[in-house]
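Trainee: okay, here's the prediction I keep looking at, along with the sequence it came from:
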Amino acid sequence: MRKIDIFDTTLRDGEQSAGINLNTAEKIEIARQLERFGATIIESGFPAASPGDFDAVQRIAGTVKNSIVTGLARSVESDISRAWEALKGGEQPHVHIFIATSPIHMEHKLMKTPEQVMETAIASVKYAKKFFPLVQWSAEDASRSDPEFLVRIIRKVIEAGATTINLPDTVGYATPAEYGAMFKYVTDNVIGIENVKLSAHCHNDLGMATANTLAAIENGATQVEGTINGIGERAGNVALEEIAVALHIRKQIYEIETGIQLKEIKRTSQLVSQLTGSLIQPNKAVVGKNAFAHESGIHQDGMLKNPLTYEIITPELIGDASTQLVLGKHSGRHAFKDRAIKMGFELSDEKLNQAFVEFKKLADSKKEIVEDDLFVLLTDQQINDKEVPVYELESVQVHYGTANIPTATASAYKPDGELIRDSATGAGSVEAIFNSLERLVAGKVHILDYRVTSIGKGRDALGEAVINMTYNGETVTGRDVAQDVLEATAKAYLNAVNRQLVKAGQKISVAAG
Ligand SMILES: CC(=O)SCCNC(=O)CCNC(=O)[C@H](O)C(C)(C)COP(=O)(O)OP(=O)(O)OC[C@H]1O[C@@H](n2cnc3c(N)ncnc32)[C@H](O)[C@@H]1OP(=O)(O)O
Ligand SMILES: CC(C)C(=O)C(=O)O
Ligand SMILES: [Mg+2]
């Protein structure tokens, strides 16, 4: 296996993303995690950019031991001297100098001729070599540069002492074929290129950063640069987690070692996202929240029969939680049954089919069905089928008058079938009902929320009551509908109690099973 170096620039090019600004403590935290992640080189900032960047680079160089720490500098002596001040305390001082080599950048930005750029590049590498044993030289906008000029300038900077040559696709313009061809051309035409590292640095403006980086590797790159989660200027840099996982999953093709601890990927990605405030798109390869979520019935059925049908990467590989079979309107019976069993329900195929019909109706109106929804659905199924002994309201009577204390009398069948009755007063009719029912159900009830709404229009609309309560310390919601809101209230109260009884029964049967 060939080994390539991973150069992480989350703290430099990544921080160049609009809206990201990390303080020194945050940068140190990320640098420590990048060390655990296994980055060969950590580009920790641009020391000449600001006192804050200088401080962060200096402190990271003094902290990180297992990765080489570098900083960026323009091809000017003051930038390089500043970089030396910040990096000299590191284990292996390394500097990254750049200058643009494309006609558009040389003429319109640097306002230099190619020969002046050549002289500046050579002089800056020679100057850097007075201090740094490791000098990386980058031809900014290499992919839009004249290949002949590129070869000439690379030869000269290697002679001047550069230890790494980086060929960035600065504006994400190259196609994989073009980017790969540039690496081949440089490898074939620069004498002594085998004595230095040859690096790829891709931006994602056309969404080709990962493909371009792999093309560079196929054509001789020995180092790749990128950021965690692909953050960076404009559309960002190549996402290092994508490269590391692609090289691992397709190792028969690439036969490349990176030294990256794949199990640290999820943790590193989360840390960078949290500290930068840069959210990860849900469908982002490898680290997106949906990267291991399967929603459709046919996929879920395949996953249950053999995960290899739809999963080329396991979440465990990158230190993520396990695969999720998300239940939604595209799910099928296999996944529904699997989840019901995992939740402890033992339903006959017929009952399961009935519950599945209800589930599909619910899924049409809700984006994602969470476990609480399933509990409600499946316990209602059991309650309605009287599979589990529960309370059943026989009647409720309320005495209310503006000059009287409201009193309610409720009677209900207990789970063992005995009919019981009790009365209680309250500040209003509803509280009187709650108090009378609490005397009937064996347990402590605390009402958290109570709402009544009408279903449909008109004077004869049905009333729906929803009660959120704790019953014996467990939070549960009950719901029912009746012509009269007070009757709906009493039924919703017992519905909540019954759900909790079923839920507790499920937990016992799961624990016992
Ligand atoms: C492709 C990349 O990612 S390159 C890195 C980009 N990162 C950054 O720019 C972040 C940090 N930058 C900064 O803080 C500032 O730009 C500084 C401190 C470096 C310079 O600030 P200023 O002196 O105010 O210059 P400003 O940024 O406006 O312009 C850049 C100058 O550097 C010159 N320059 C650009 N690249 C290089 C280079 N590689 N080598 C030498 N000079 C360069 C430009 O031609 C311009 O020079 P001019 O002032 O003679 O016209
Ligand atoms: C500084 C250089 C390497 C860079 O970030 C780029 O060209 O994209
Ligand atoms: Mg860049």
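Mentor: Done, it's in. Numbering: from 1, shown residues only. Ligands and ions are numbered 1, 2, ... in the order given.
Trainee: correct me, but Ala363 touches Leu374?
Mentor: No: using Cβ atoms under 8 Å, Ala363 and Leu374 do not qualify as a contacting pair, with a distance of 10.7 Å. C-beta here means a position set from N, CA and C on the backbone, and glycine is covered the same way.
Trainee: between these two, what contacts are shared?
Mentor: Leu327 (Cβ atoms under 8 Å, 6 or more residues apart in numbering).
Trainee: nearest spatial neighbour of Thr10, chain-adjacent residues omitted?
Mentor: Counting by Cβ to Cβ, 6 or more residues apart in numbering, Thr10 lies nearest to Thr227, which is 4.3 Å off, once chain neighbours are set aside.
Trainee: and His201, what are its bridge partners?
Mentor: Under DSSP bridges, the beta-bridge partners of His201 are Pro168, Glu225.
Trainee: quick check: it vs ligand 2, distance?
Mentor: Shown here: His201 relative to ligand 2, a distance of 5 Å by Cβ to the nearest ligand atom, to the nearest Å.
Trainee: list the contacts of that residue.
Mentor: Neighbouring residues of His201 by Cβ under 8 Å, 6+ apart: 7, 9, 138, 166-170, 224-226, 237.
Trainee: out of these, which is nearest to ligand 1?
Mentor: Nearest to ligand 1 among these: Thr170, at 5.1 Å, using Cβ to the nearest ligand atom.
Trainee: how many neighbours does that closest one have?
Mentor: Per other Cβ atoms under 10 Å, the neighbour tally for Thr170 reads 24.
Trainee: low-confidence bits of the chain, can you list those?
Mentor: In the predicted model, the chain carries pLDDT under 70 at residues 385-387, 455-457, 506-513.
Trainee: skipping adjacent residues, who's closest to Tyr27 in space?
Mentor: Just so we're on the same page, residue 27 is Lys rather than Tyr. With sequence-adjacent residues excluded and distances taken as Cβ to Cβ, 6+ apart, Lys27 is closest to Ala56, at 4.3 Å.
Trainee: that neighbour is in what secondary structure piece?
Mentor: According to DSSP states H and E, Ala56 maps onto helix 51-63.
Trainee: in that helix, what's buried?
Mentor: 53-61 (16 or more other Cβ atoms under 10 Å).
Trainee: just stretch 268-277 next, same as before
Mentor: Buried residues in stretch 268-277, counting neighbours by 16+ other Cβ under 10 Å, are found at 268-273, 275-276.
Trainee: show me what the longest helix that the chain contains is packed up against.
Mentor: Secondary structure of the chain per DSSP state H: the longest helix is helix 485-512. Applying 3 or more Cβ pairs under 8 Å, 6 or more residues apart in numbering; DSSP states H and E, we find helix 485-512 packed against helix 371-384, strand 392-399, helix 429-440, strand 445-455, strand 462-471, strand 474-482.
Trainee: returning to what we had before: out of the contacts of His201, which is most surrounded?
Mentor: Using other Cβ under 10 Å as the neighbour criterion, Gly226 leads these with 33 neighbours.
Trainee: surely it meets Ala246?
Mentor: No: in this structure, Gly226 is not within contact of Ala246 by Cβ under 8 Å, at 11.7 Å.
Trainee: thinking again about what came up before, okay if I get the helices and strands packed on helix 485-512 as CSV plus distance to Thr407?
Mentor: Converted to CSV, those look like this (distance: least, Cβ to Cβ, whole Å):
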stretch, distance to Thr407
helix 371-384, 29
strand 392-399, 5
helix 429-440, 6
strand 445-455, 19
strand 462-471, 20
strand 474-482, 20
